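In: Pasting the sequence and the predicted coordinates here, then a few questions.
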Amino acid sequence: MGVAATILKTPNRRIAAIAAAVFALDQFTKYIVLQLLGKGQEKVIIDGFFKFVHWGNTGAAWSLFRGHNELLAIIALVALLVLFLSRHHFESGTPVGQVAFGLIFGGIAGNLTDRLMPSRLEVIDFIYFYLRQRDGSEIGFPAFNVADSGICIGVALVFWVTWKSDRGQPQPGDAVKS
């Protein structure tokens with residue numbers, strides 16, 4: 001049996017392996033951004049649609065709670081603990097559930113690392129989609145990173161697998177057919 005097969009033998013190990021991969025990819029991509037772009041710099045990839053940026057975020061999604069980096073780091077730690085302890089309530093025994101939790105754990109760990117690194121103390125966001133208006137101004141989706149993507153995709157998968165599971169089970173109040 002190969003090393004990968006041994007590591008991926010149990011659901012918890014699969015979740016951990018996926019989380020480690022997401023974490024590594026997140027930190028690697030942020031390292032590249034830090035090497036190639038100065039803070040606040042941008043590199044247009046598709047004019048009027050997509051660019052790489054180097055923006056710091058001390059808040060949460062959409063820069064909500066900006067300036068509360070320490071509080072958000074504590075919330076991330078608590079979220080990791082609560083999700084770890086309650087994962088069995090959310091289909092984490094299924095392959096899709098394991099991918100979902102691996103994405104979520106890896107994403108939270110990636111952004112938490114940014115918040116705790118003395119050289120950063122903010123989350124590095126670098127993927128930015130936008131549309132240029134006729135007057136030259138931009139309308140954009142908030143910048144994000146690999147960790148954010150992992151969290152969002154993982155949460156969507158948890159909802160989907162839970163919904164799919166719940167649809168197959170009788171709900172309270174359903175009529176019993178005889």
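Out: Alright, I've got the coordinates.
In: In the chain, which strand is the longest?
Out: Scanning the chain for the strand with the most residues, using DSSP state E, yields strand 123-132.
In: Which neighbouring elements make contact with that strand?
Out: Applying 3 or more C-beta pairs under 8 Å, 6 or more residues apart in numbering; DSSP states H and E, one finds that strand 123-132 contacts helix 11-36, strand 50-57, helix 95-116, strand 138-140, helix 146-167. To be clear about C-beta, it is placed using only N, CA and C from the backbone, and glycine gets the same treatment.
In: in this protein, which residue is closest to the centre?
Out: residue 151 (2.4 Å; C-alpha atoms, centre = their mean).
In: Next one: the spatially closest residue to that one that is not a sequence neighbour from residue 41, what distance?
Out: Spatially, and ignoring its direct neighbours in sequence, residue 151 is nearest to residue 107 (3.7 Å; C-beta to C-beta, 6 or more residues apart in numbering). Computed as C-beta to C-beta, to the nearest Å, the residue 107 to residue 41 distance reads 24 Å.
In: Equivalent analysis for residue 103, please.
Out: In this view, residue 103 and residue 41 are 29 Å apart by C-beta to C-beta.
In: next one: residue 30
Out: 14 Å.
In: hang on, the earlier thing: show me which of residue 103 and residue 41 is the more surrounded one.
Out: It is residue 103, of residue 103 and residue 41, that has more neighbours when counted by other C-beta atoms under 10 Å, with 26 against 12.
In: Share the number of residues neighbouring the nearest residue to that one once chain neighbours are set aside, please.
Out: Spatial nearest neighbour of residue 103, excluding adjacent residues (C-beta to C-beta, 6+ apart): residue 154 at 3.3 Å. Using other C-beta under 10 Å, residue 154 has 25 neighbouring residues.
In: just residue 136 next, same as before
Out: Counted by other C-beta under 10 Å, the residues lying close to residue 136 total 6.
In: Repeat that for residue 78.
Out: 10.
In: same deal with residue 141?
Out: Counted by other C-beta under 10 Å, the residues lying close to residue 141 total 11.
In: shouldn't it be in contact with residue 129?
Out: Yes. With contact defined as C-beta atoms under 8 Å, residue 141 counts as touching residue 129 (4.8 Å).
In: give me the number of residues near residue 79?
Out: The local packing count at residue 79 equals 15, with neighbours defined by other C-beta under 10 Å.
In: got it, and the one 4 residues further on?
Out: Neighbours of residue 83 under the rule other C-beta under 10 Å: 17.
In: In three-state terms, label it for me.
Out: Judged by DSSP: H, G, I helix; E, B strand; the rest coil, the three-state class of residue 83 is helix.
In: and the gap between it and residue 159?
Out: Applying C-beta to C-beta to residue 83 and residue 159 gives a distance of 14 Å.
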